[in-house]
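In: Below are the sequence and a predicted model for it; my questions follow.
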Amino acid sequence: MNRILVTGGAGFIGSNFVHHVVGNTDAQVTVLDKLTYASTEESLAGLPEDRVRLVVGDIADASVVDPLVEEADAVVHYAAESHNDNSLSDPGPFIQTNIVGTFTLLEAARRYDRRFHHVSTDEVYGDLDLDDPKRFTEDTPYNPSSPYSASKAGSDHLVRAWVRSFGVRATISNCSNNYGPWQHVEKFIPRQITEVIDGRRPRVYGDGLNVRDWIHTSDHSSAVLAILDRGRTGETYLIGADGERSNLDVVRAILRHFGRDDDDIEWVTDRAGHDRRYAIESGKLRSELGWTPQFEDFEAGLSDTIEWYQANEAWWRPAKAATEAAYAAKGQ
Ligand code: NAD
Ligand code: TDX
């Protein structure tokens with residue numbers, strides 16, 4: 001697999017994947033990215049120009065997508081509208097990019113018979129109760145809650161149908177919540193880190209007891225590369241690193257890192273339809289493909305991430321004020 005087309009490769013997880021591919025393979029990478037508010041070219045800075053090329057364009061535009069898919073050996077599809085809160089304010093872009101965009105890419109993969117990997121989320125399975133002993137598996141029924149997760153579920157169903165009806169050589173991964181460098185300040189962990197840097201209080205929704213299953217984004221990258229390399233066509237693999245934590249526990253760890261009182265919290269309006277808990281059982285990926293996460297200590301990975309945001313204020317600062325103004329308008 002010498003030429004990989006990475007959609008959404010200037011965003012948080014996609015750019016981390018591009019760095020991972022350059023560091024761990026000999027592949028040539030073309031990034032197709034619309035450069036929405038969620039991304040910057042800086043996330044790709046420093047990568048070798050003879051290995052990585054950026055094409056600015058829309059995954060829903062077949063005239064852009066077709067020639068790029070044709071010249072690639074494989075497509076790894078990250079591009080999406082990705083923030084649940086935005087999908088509650090304005091669902092339209094989520095339907096257009098996540099569903100129509102995925103359809104456009106699948107049609108190109110079908111036309112040119114290209115290997116396709118679709119990056120999805122555990123949110124397609126809905127949520128679990130806090131005391132439920134179960135975790136999500138590849139057999140859990142789809143039950144999405146938000147316009148974002150419904151649009152991702154729709155895109156997963158398209159991939160499954162294109163495999164079964166047209167023989168497209170596709171795999172799907174559904175990953176838990178990622179953290180690490182280059183994540184937009186609208187998301188939970190970067191928002192709280194940058195609020196504390198700014199001398200403000202972290203903003204926690206509801207009762208703070210909602211649980212997310214955290215994985216470092218570099219472990220997500222190694223899992224996607226393993227699936228691209230050794231995954232079986234038509235299969236779904238769940239990616240997770242046993243990182244269940246309540247939002248309150250995460251915020252308290254951030255406050256402690258800065259030497260602040262761990263009750264120094266601003267309780268804000270809850271998210272509509274807020275999923276209670278996500279949890280991933282990733283045994284299939286581990287046993288079938290031999291994958292294991294490198295970041296097994298969440299608190300250590302969180303400390304590295306906090307230090308990255310302290311050292312890279314020039315990257316996140318331009319987005320911060322507008323992000324906070326939009327949250328303030330919603331009482332969040
Ligand atoms: P992100 O919002 O940081 O990045 C998305 C990228 O897609 C951006 O670079 C954006 O410019 C690009 N994009 C958006 N619309 C586009 C379009 N129409 N055409 C081309 N490019 C477009 O999101 P992320 O957190 O990096 O998520 C990447 C993928 O991983 C998404 O598919 C998401 O559903 C999935 N995922 C995310 C998480 C998580 O915790 N963030 C967990 C599991 C799965
Ligand atoms: O200010 C906040 N306060 C707060 O309590 C924000 C922004 C969030 N939260 C809560 C909501 C969630 O319970 O923190 C948790 C995490 O929120 P997000 O960062 O918005 O992530 P989530 O909704 O869990 O979705 C993320 O993981 C799955 C990604 O954004 C998705 O793209 C991915 O599919």
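Out: Received it, and whenever you're ready, just let me know what you need. Ligands and ions are numbered 1, 2, ... in the order given.

In: List the residues that contact the closest residue to ligand 1 within the chain.
Out: In the chain, the residue that lies nearest ligand 1 is residue 11 (2.1 Å; C-beta to the nearest ligand atom). Every C-beta, even on glycine, is put in place using the N, C-alpha and C of the backbone. Counting by C-beta atoms under 8 Å, 6 or more residues apart in numbering, residue 11 touches 33, 38-39, 43, 78-79, 82, 182.

In: go on, residue 209?
Out: Taking C-beta under 8 Å, 6+ apart, we find residue 209 in contact with 130, 246-248.

In: circling back: so what pLDDT did the residue of the chain closest to ligand 1 get?
Out: pLDDT, residue 11: 98.

In: now the one 10 residues further on
Out: At residue 21, the predicted lDDT confidence score is 98.

In: And the one 4 residues further on, by the same measure?
Out: Model confidence at residue 25, given as pLDDT, is 97.

In: what number of residues lie near the closest residue to it other than its chain neighbours?
Out: Nearest residue to residue 25, sequence neighbours excluded (C-beta to C-beta, 6 or more residues apart in numbering): residue 225, at 7.3 Å. Residue 225: 22 surrounding residues under other C-beta atoms under 10 Å.

In: got it, and the one 4 residues further on?
Out: Residues within reach of residue 229, counting by other C-beta under 10 Å, total 11.

In: Could you pull up the residues touching residue 54?
Out: 9-10, 30-31, 33, 41, 44.

In: And the helices in the protein?
Out: Ranges of helices within the chain are 12-24, 62-71, 84-89, 92-94, 102-112, 147-166, 188-197, 217-230, 247-257, 283-289, 298-311, 313-329, based on DSSP state H.

In: still on that earlier bit, identify, from the contacts of residue 209, the entry nearest to ligand 2.
Out: Nearest to ligand 2 out of the contacts of residue 209 is residue 247 (C-beta to the nearest ligand atom; 4.7 Å).

In: out of the contacts of residue 11, which touch ligand 2?
Out: Residues of the contacts of residue 11 in contact with ligand 2 (C-beta under 6 Å from any ligand atom): residue 82.

In: Need the buried ones from the contacts of residue 11 selected in ChimeraX.
Out: Command for ChimeraX that selects the buried part of the contacts of residue 11, burial taken from 16 or more other C-beta atoms under 10 Å:
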select :33,38,39,43,78,79,82,182
